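Engineer: here is a sequence together with a model predicted from it:
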Amino acid sequence: MAGVWWVQVAVAAGFLGLAVLAFCAVRLFRAVGRLGRELERTRRRLEPKQRALRGEFRTLQDGQDYTGPRGGVRST
C-alpha cells in the first residue's frame with residue numbers, strides 16, 4: 001500500500017481543482033448577473049433620450065429633403 005500514495009494525491013488534487021473551478025464559476029455567474037442588471041439600467045436611462053433624438057431627426061428629415069451623407073456637412 002505504500003506504493004500507491006500517488007493515487008490518493010492525484011484524487012485529492014482533482015477534487016481541489018474541481019473546487020477551484022466551481023468557485024470561479026460562481027463568481028462568473030454573479031458578475032454576469034450584475035452586468036445584465038447594469039445593462040438593463042443603462043438601457044432604461046437612455047431609452048427616453050434615444051426616443052427624443054429620433055423624434056428630432058424625423059422632424060428635421062420631414063422639414064427638408066434629406067440627400068444623405070453627400071449633402072451634409074463634412075468635417076476635415
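Structural biologist: All right, it came through fine. Numbers count the residues shown, from 1 in each chain.

Engineer: all the helices of the protein, in order from the start?
Structural biologist: 5-63 (DSSP state H).

Engineer: show me where pLDDT drops low in it?
Structural biologist: 1-2, 64-76 (pLDDT under 70).

Engineer: one more time with 80
Structural biologist: 1-3, 63-76 (pLDDT under 80).

Engineer: pick out the residue closest to the middle of it.
Structural biologist: L35 (6.1 Å; CA atoms, centre = their mean).

Engineer: contacting residues for that residue?
Structural biologist: For L35, the contact set (CB atoms under 8 Å, 6 or more residues apart in numbering) is empty. Quick note: C-beta positions are derived from backbone N, CA and C, even for glycine.

Engineer: how much space separates it from V26?
Structural biologist: Note on L35: its distance to V26, by CB to CB, to the nearest Å, is 15 Å.

Engineer: so what's the gap between stretch 17-25 and the chain middle?
Structural biologist: Per CA atoms, centre = their mean, to the nearest Å, the displacement of stretch 17-25 from the mean C-alpha position of its chain is 22 Å.

Engineer: I meant to write stretch 21-30 there.
Structural biologist: Using CA atoms, centre = their mean, the offset of stretch 21-30 from its chain centre is 17 Å.

Engineer: dump the C-alpha coordinates for it into PDB.
Structural biologist: Below are the C-alpha coordinates for stretch 21-30, written out as PDB (Å, rounded to 0.1, in the frame of the first residue of the first chain):
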ATOM      1  CA  LEU A  21     -13.400  25.700 -10.900                       C
ATOM      2  CA  ALA A  22     -16.700  25.700  -9.000                       C
ATOM      3  CA  PHE A  23     -15.600  28.800  -7.100                       C
ATOM      4  CA  CYS A  24     -14.600  30.600 -10.300                       C
ATOM      5  CA  ALA A  25     -17.900  29.600 -12.000                       C
ATOM      6  CA  VAL A  26     -20.000  31.000  -9.100                       C
ATOM      7  CA  ARG A  27     -18.000  34.300  -9.200                       C
ATOM      8  CA  LEU A  28     -18.500  34.500 -13.000                       C
ATOM      9  CA  PHE A  29     -22.200  33.800 -12.700                       C
ATOM     10  CA  ARG A  30     -22.600  36.600 -10.200                       C
END
